[in-house]
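Chemist: just need the structure, nothing else, for what follows:
(one chain, ligands or ions: 1)
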Amino acid sequence: MRIGIVCYPSVGGSGIVATELGRALSRRGHQVHFITYDVPFRLDRYERNVSFHEVEVPAYPLFKYPPYLLALTNKIVEVCRMESLDILHVHYAIPHAAAGLLARQITGGRLRLVTTLHGTDITLVGSNPSFAEIVAHSINQSDAVTAVSEYLRGRTRDVFDISRRIELIPNFINVEEYRRKQVPCLRRRFAPNGEAVVVHISNFRPVKRVDVVVETFERIRRRLPARLLMVGDGPEVPRACAVATRLGVREHTCFLGRQERVIDLLSTADLFLLPSASESFGLAALEAMACGVPVVASRVAGLPELIEDGRGGCLLDPNDVEGMAARSVELLSDRALHASAAADARRRAETLFSSERIVPMYEELYERVLAAAPGGDGGW
Ligand code: GMT
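Modeler: Below is the predicted model of the structure:
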């Protein structure tokens, strides 16, 4: 198949999933065309069957807001004509699904539009009255729609008037690439005296509750020696730093900023903290699990679909900081318990969320959509 993929190329779960999907599809013999405003950040080397088409948004003094939607639509149309795309798969509804619809209309032909909903495109941003009508319309008019968790599928139906079937296809990970490695030099650098290493990775937005990460860590440190690695960048970094200083754990906390390759860092970690207010899926937690890192997280949104409480991780009320710290200390102070949680986490990633299991679901969806009449219901 000739498949166009639209996504946000910056660091973020939806872009990572779209890029990994494209790479996996190309290895399975499909022609994949990324149509994005920058090279997706995990697309860092030449890959057979993969091309990149840059969306350039022209600046003009009249434009207070750069017309990204129009430039993207125009590029999709160009690529569709040049490469005879069969499928356009857009990740993150805003504004990618609307661009896809418009491009399908302009090309007037056989292009089929698949939209994958990732989370905040529905929960935080999409439900904003400024976007709700266009998001609902784009979902209803796509040839097929997928959501990354049962939670997100339900929320989408609750928030919008949806007539279209939404398929559940969970996020996935390349479990061959994401596995624990030996990195003794990093371990020595971050935990020179044998401290426990606690990690958090995110885009440091308010929904991630990075202040709670630091508060939990401070409570862990009251009971055992530990270091905290904060990986990623975003608006809440200064707040997390201020909380660490106020609680007296700043010197035990490393802010590492944006990191392209997190496997080495996760291989150094003993525990992953994710006390988010909401998480449609929680891809960063899956990356940790694949590297054999137990996860302590909030029992909210899609996280219970990813993490099994008591096996490879723990789920707690998002406000139960003391509970999160207590469960973390339990895991970090009992070697046998930790080893079995690490093995459970890895096993769950392998059995339920491997690319071998999930990528064929997308292929099968594309085939059904191509076999159905245009504007049909994805072959159902
Ligand atoms: O968190 C965001 O706003 C960014 C968004 C993204 O593009 O990474 O994250 C969402 O999509 C990810 C990939 O499907 C999910 O793993 C995240 O849970 C989801 N974020 C939220 O629901 C808050």
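
Chemist: does the longest helix seen in the chain come close to the ligand?
Modeler: When the chain is scanned for its longest helix (criterion: DSSP state H), the result is helix 335-353. No - applying Cβ under 6 Å from any ligand atom, one finds helix 335-353 out of contact with the ligand, separated by at least 11.2 Å. C-beta coordinates here come from the backbone N, C-alpha and C atoms, glycine included.

Chemist: so what touches that helix?
Modeler: By Cβ atoms under 8 Å, 6 or more residues apart in numbering, the list of residues contacting helix 335-353 from outside reads 170-173, 175, 178-180, 270, 286, 288-295, 306-308, 311-313, 330-332, 357.

Chemist: so which of the residues you listed are also by the ligand?
Modeler: The residues of these that also fall near the ligand, by Cβ under 6 Å from any ligand atom, are residue 171.

Chemist: may I see the buried residues of stretch 216-223?
Modeler: Neighbour-count burial for stretch 216-223 flags 216, 217, 218, 219, 220, 221 (criterion: 16 or more other Cβ atoms under 10 Å).

Chemist: isn't the second one right next to residue 198, touching?
Modeler: What that stands for is residue 217. Yes - with contacts counted by Cβ atoms under 8 Å, residue 217 reaches residue 198, the gap being 5.6 Å.

Chemist: what sits in contact with each of the two?
Modeler: With contacts taken as Cβ under 8 Å, 6+ apart, the residues that reach both residue 217 and residue 198 are 226, 228, 273.

Chemist: select only the buried ones of these in PyMOL?
Modeler: With 16+ other Cβ under 10 Å as the burial test, the buried ones among these are selected in PyMOL as follows:
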select buried, resi 226+228+273
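
Chemist: mind putting the shared contacts of residue 217 and residue 198 in a markdown table, distance to the ligand, secondary structure and pLDDT included?
Modeler: As requested, the shared contacts of residue 217 and residue 198 are exported to a markdown table (distance: Cβ to the nearest ligand atom, whole Å; DSSP: H, G, I helix; E, B strand; the rest coil; pLDDT from 0 to 100):
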| residue | distance to the ligand | secondary structure | pLDDT |
| --- | --- | --- | --- |
| 226 | 26 | strand | 98 |
| 228 | 21 | strand | 98 |
| 273 | 15 | strand | 98 |
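
Chemist: give me the helices and strands touching the host helix or strand of residue 369, please.
Modeler: When elements are assigned from DSSP states H and E, residue 369 belongs to helix 355-371. With contacts taken as 3 or more Cβ pairs under 8 Å, 6 or more residues apart in numbering; DSSP states H and E, helix 355-371 sits against helix 13-27, strand 87-91, strand 112-117, strand 144-147.

Chemist: could I get those as a markdown table with mean neighbour count and mean pLDDT?
Modeler: Below are the helices and strands packed on helix 355-371 laid out as a markdown table (neighbours: other Cβ atoms under 10 Å; pLDDT from 0 to 100):
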| stretch | mean neighbour count | mean pLDDT |
| --- | --- | --- |
| helix 13-27 | 23 | 96 |
| strand 87-91 | 28 | 98 |
| strand 112-117 | 27 | 98 |
| strand 144-147 | 26 | 98 |
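
Chemist: residue 232 is nearest to which of the ones you listed?
Modeler: Counting by Cβ to Cβ, residue 232 lies closest to helix 13-27 out of the helices and strands packed on helix 355-371; the figure is 11.4 Å.

Chemist: report the inter-axis angle for the helix or strand residue 323 falls within versus helix 335-353.
Modeler: Here residue 323, judged by DSSP H and E, is contained in helix 321-333. Put simply, helix 321-333 runs at 100 degrees to helix 335-353, going by axes from the mean of the first three to the mean of the last three Cα atoms, to 10 degrees.

Chemist: list the buried ones in helix 321-333?
Modeler: Counting neighbours by 16+ other Cβ under 10 Å, one finds that the buried residues in helix 321-333 are 321, 323, 324, 325, 326, 327, 328, 329, 331, 332.

Chemist: kindly report the same for stretch 131-147.
Modeler: Applying 16+ other Cβ under 10 Å to stretch 131-147 flags 131-132, 134-136, 138-139, 141-147 as buried.
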